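# okay, sequence plus prediction incoming.
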Amino acid sequence: MRRRLRDVPAALVMLVASFTLLAVWTIYPLVRAIQSGHLRCNITGSKCREAGWGQYLDVFLSKNFQDALMVSVKLALMTVPAGLILGIGLAVLADKHLRGIGFFRTVFSSTIATSVAVASLVWFVLLQPEIGVLSDLFSGWIPSLKNPGLLRDPNTALPAVALSSIWASLGFTFIVITAGLQSVPKELYESAYVDGAGSFRRFTNVTLPMLSPSILFISVVLTTRALQTYGEVALLTGGGPEPEKSTTTIPYLIYGKNSIISGDIGLKSAAAVLLFLISLVFALVQFRGFEKRVHYGN
Amino acid sequence: MAYGAAVAQVRLEHVTKTFGDGDDTVTAVDDVSLDVQDHEFMILLGPSGCGKSTLLRVVAGLEDPTGGDVYIGERRVNDVEPKLRDIAMVFQSYALYPHKTVAANIEFPLKVRGVAKAERAADAQKAADVLGLTDYMRRKPGQLSGGQRQRVALARAIVRNPAVFLMDEPLSNLDAKLRGDTRTELVDLHRRLDSTFLYVTHDQVEAMTMGSRVAVLNAGRLEQVGTPQDVYDYPASAFVAQFIGTPPMNLLPPGLFGSNLVQVGIRPEHLLLTPGGPLQGTVRQVEHLGHEVLLLTESDGGTRLAARVAPSSDLPIVGEVVQFDVAPQHLHRFDAVTGVRVP
């Protein structure tokens, strides 16, 4: 015990660096946001007054927040399953010892090195009604590609943002799943093969269960990313098209230049804290929901 | 379900397996012909990289032979999928599904064959009974010991009642004590199942104690097939002579004991401490093993000999010069160039 006490000063000194970073970049902003969430402020933030902790409930129940929450949830529902399925599909396809497969692996994982800004710009150009390649190629099947354009149609703007988001996240999903696949023992496949399992049954009985930790991880990360989507919305649609605001996600409601609460640091803080709690709930639900289906090996 | 109903022989005719192409070609199995009889416990024995596992995988259908034919029963199975070969395989790592319970693991081969739920549960229960796993059916492999996992792998193999069991070093992940116990259990299982076993190992003790016959492989080639005692008593080559037996057979340099063209081998237990005997060496080490003593000697010319002698109070000590004699019928002769046994 005495020896442990003697180690405390040295331990504290060693913890200073990481604790400082954590305190400055995470703990202080979080505490400050929680505290600001019960204030109402003027546009410069120089004058604030108490609005009571009930402001959190008011913000949560407000139509603007509910609409934005719905958009964020819809975006998550569009991007997470599709991103997972595509990522797993590509990783399984590329998990072969074929000549030149390295090239495809590089291509499939390349979007991890692409910023949201670049990805959004690429999709903005592709979907442009006047000059976009996709608009030219597929407008026969999807007329709204040309008129008014996917990003300008309130019904298609969110799926279009989702498309860009899925594409941008694909590299990350691909790399994590590929790493997961490479850690599956070859004998499990061979054993299943000898026992008579076809490729589909090997996929469902070996691949998917063995990937379950990676799938849960990606699912939580993609959901959190989807709930926090800001960049794609700001660059592709500006939260619009107006007046429906069909792509105004919670982060865009908080930070967007056209947002109704953009001038009030108190309301923005309340919304940000609520977003944090919602993300936390989603993550916990996923952990709890998949707990029994995730296997971490022997 | 009654175990042992289906039996089959395995016949390999000039089987060759190469990997890679051009200058990078590696021949893992080189023109191997082997007959494994019904009910036989055949051991494929050899050092690491000798091709024994590859040969087993060729029989399983996990590798296609580059040349030659594989027969199971009367049927040529070169182009037959593993699931239609009526075989079951036990892997070195057991290859249990970590997310499935013991019961689900054992049932899996039946499930993929579309066996009804009630029937496969009954069959799995019977296999579990045979291997003493009844109390562990609801557990996952991660909650079992190495020996229990190994038994689950065996249960999964026997549940289908296959004609041939293929086992790829199934004991090598167990500790020494458990390995000894499981050896006995496997021999007992083979007797009860009355099936054909093809068993790969690099451990000569497993080969000697379990096999009806042993096939010794070296560098992809079959060196000898015979009963364990035959292989020990009449090794077909210098390689087999040295690979089987602990310590291995003493091989004298050509010319030391007879013709220059012949290399003579003597088992350690056949070297008799005899003052004035024809073989001489200085004792370098004396290993007391309780029931026997190993004397390790080295001659002036650098020839090393290991001799197995009975414990006694007047054994030579380290540094002492000793002589050995050997009865003529215990001399093994091998061609000095090819290593093949000569009369």
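Perfect, thanks for sending it. Residues are numbered from 1 along each chain as shown, chains lettered A, B, ... in the order given.

# for the single nearest residue of the stretch 51-200 of chain A relative to chain B, phi and psi?
Relative to chain B, the nearest point of the stretch 51-200 of chain A is A:G196 (3.3 Å; CB to the nearest CB). For glycine as for every other residue, the C-beta is placed from the backbone atoms N, C-alpha and C. When read as degrees, to the nearest 10, the backbone of A:G196 gives phi 110, psi 10.

# tell me the pLDDT at the residue nearest to it when sequence neighbours are not counted?
Nearest non-adjacent residue to A:G196, counting by CB to CB, 6 or more residues apart in numbering or on different chains: B:K83, 3.3 Å away. We have a pLDDT of 90 for B:K83.

# distance check, B:K83 against A:S135.
According to CB to CB, to the nearest Å, B:K83 and A:S135 sit 50 Å apart.

# with B:P170 instead?
According to CB to CB, B:P170 stands 62 Å off from A:S135.

# who has more neighbours, the two?
It is B:P170, of B:P170 and A:S135, that has more neighbours when counted by other CB atoms under 10 Å in any protein chain shown, with 25 against 20.

# count of neighbours near the residue nearest to B:A128 when sequence neighbours are not counted?
Using CB to CB, 6+ apart and skipping the chain neighbours, the partner closest in space to B:A128 is B:T134 (5.2 Å). B:T134 has 11 neighbours, counted by other CB under 10 Å.

# surely B:T134 touches B:A127?
No: taking CB atoms under 8 Å as the definition, B:T134 is not a contact partner of B:A127, at 10.2 Å.

# sec struct for A:G238, please.
Classification of A:G238 by DSSP: H, G, I helix; E, B strand; the rest coil places it in coil.

# got a list of what it touches?
By CB atoms under 8 Å, 6 or more residues apart in numbering or on different chains, the contact set of A:G238 is A:256-258.

# out of the residues you listed, who has the most neighbours?
Neighbour count (other CB under 10 Å) singles out A:G256 as the most crowded of the contacts of A:G238, with 22 neighbours.

# show me the contacts for that residue.
By CB under 8 Å, 6+ apart, the residues touching A:G256 are A:230, A:233-234, A:238-239, A:248, A:262.

# compare these and tell me which is most surrounded.
Among the contacts of A:G256, the one with the most neighbours (other CB under 10 Å) is A:V233, at 28 neighbours.

# burial count for the closest residue to that one other than its chain neighbours?
Once flanking residues are discounted, A:V233 sits nearest to A:Y252: 4.7 Å by CB to CB, 6+ apart. When counting by other CB under 10 Å, one arrives at 27 neighbours for A:Y252.

# got it, and B:P278?
B:P278 has 11 neighbouring residues, counting by other CB under 10 Å.

# pretty sure it sits against B:A327.
No: using CB under 8 Å, B:P278 is not in contact with B:A327; the gap is 11.9 Å.

# element containing B:V187?
Assigned by DSSP states H and E, B:V187 belongs to helix B:176-193.

# partner strands of the next helix or strand after that helix and their direction?
Later in the chain than helix B:176-193, the nearest helix or strand by DSSP H and E is strand B:196-201. Sheet pairing here is set by DSSP bridges, and for strand B:196-201 it gives strand B:41-45 (parallel), strand B:164-168 (parallel).

# contacts for strand B:196-201?
So strand B:196-201 is contacted by B:7-10, B:36-45, B:52-53, B:55-56, B:59, B:163-172, B:190, B:206-207, B:210-211 (CB under 8 Å, 6+ apart).

# from B:S93, how far out is B:L294?
Distance, B:L294 to B:S93, using CB to CB: 35 Å.

# A:T248 too?
Going from A:T248 to B:S93 by CB to CB gives 53 Å.

# now swap in B:L178 and tell me
Remark: distance between B:L178 and B:S93 (CB to CB) = 16 Å.

# now B:R11: which helix or strand?
strand B:10-19.

# so what secondary structure elements neighbour that strand?
Where contact means 3 or more CB pairs under 8 Å, 6 or more residues apart in numbering or on different chains; DSSP states H and E, strand B:10-19 is packed against strand B:26-36, helix B:52-60, strand B:67-72.

# in stretch A:88-97, what counts as buried?
Applying a neighbour-count criterion of 16 or more other CB atoms under 10 Å in any protein chain shown, one finds A:88, A:90-92, A:94-95 buried in stretch A:88-97.

# again but with stretch B:271-280, I slipped
In terms of neighbour count (16+ other CB under 10 Å), stretch B:271-280 has its buried residues at B:271, B:273, B:279-280.

# and which of the residues you listed is nearest chain A?
Scanning the buried residues of stretch B:271-280 for proximity to chain A, where the rule is CB to the nearest CB, the winner is B:L271, at 44.3 Å.

# what's the end-to-end length of stretch A:119-135?
Using CA to CA, to the nearest Å, the end-to-end distance of stretch A:119-135 comes to 17 Å.

# now stretch A:46-54
Its first and final residues considered, stretch A:46-54 spans 22 Å by CA to CA.

# what does stretch B:200-217 give?
Termini of stretch B:200-217 sit 10 Å apart (CA to CA).

# now do stretch B:212-230
By CA to CA, one end of stretch B:212-230 lies 11 Å from the other end.

# and the stretch 51-200 of chain A, which residues reach chain B?
Proximity of the stretch 51-200 of chain A to chain B, by CB under 8 Å from any CB of the partner chain, involves residues A:185, A:187-188, A:190-198.

# by neighbours, which of those wins?
That'd be A:S191 among those, by other CB under 10 Å, with 29 neighbours.

# ramachandran angles for that one?
The phi/psi pair for A:S191 (degrees, to the nearest 10) is phi -60, psi -50.

# if you go through the stretch 101-250 of chain B in chain order, where are the strands?
B:164-168, B:196-201, B:213-218, B:221-226, B:250-251 (DSSP state E, counting those that start in this stretch).

# okay, the angle between the third one and strand B:221-226?
Strand B:213-218 runs at 160 degrees relative to strand B:221-226, counting by axes from the mean of the first three to the mean of the last three CA atoms, to 10 degrees.

# packing partners for strand B:213-218?
For strand B:213-218, the packing partners by 3+ CB pairs under 8 Å, 6+ apart come out as strand B:41-45, strand B:221-226, helix B:228-233, helix B:238-243.

# kindly report the same for the shortest one.
Here strand B:250-251 is seen to pack against helix B:238-243, strand B:262-266, strand B:304-309 when contacts are counted using 3+ CB pairs under 8 Å, 6+ apart.

# residues touching A:I260, list them.
Neighbour list for A:I260: A:64, A:253 [criterion: CB under 8 Å, 6+ apart].

# got it, and B:H288?
Contacts for B:H288 (CB under 8 Å, 6+ apart) come out as B:P311.

# burial measure for A:E244, as a count.
Using other CB under 10 Å, A:E244 is surrounded by 15 other residues.

# could you confirm it falls within a strand?
No: counting by three-state DSSP, A:E244 is not part of a strand but coil.

# contacts for the strand holding B:R11 next, please.
Contact with strand B:10-19 is made by B:25-36, B:42, B:51, B:54-55, B:58-59, B:63, B:65-72, B:164, B:196, B:198, as judged by CB under 8 Å, 6+ apart.

# how far off centre is that strand?
With CA atoms, centre = their mean, to the nearest Å as the basis, strand B:10-19 stands 18 Å off its chain's centre.

# repeat for stretch A:117-129
Distance, stretch centre to chain centre, for stretch A:117-129: 19 Å (CA atoms, centre = their mean).

# ok, which residues in the stretch 1-150 of chain B are in contact with chain A?
Checking the stretch 1-150 of chain B against chain A by CB under 8 Å from any CB, the hits are B:60-62, B:82-83, B:87-89, B:91-93, B:95, B:97-99, B:108-109, B:112-113, B:141-142.

# mind redoing it with 7 Å?
Residues of the stretch 1-150 of chain B lying close to chain A (CB under 7 Å from any CB of the partner chain) are B:60, B:62, B:82-83, B:87, B:89, B:91, B:93, B:95, B:97-99, B:108-109, B:112-113, B:141-142.
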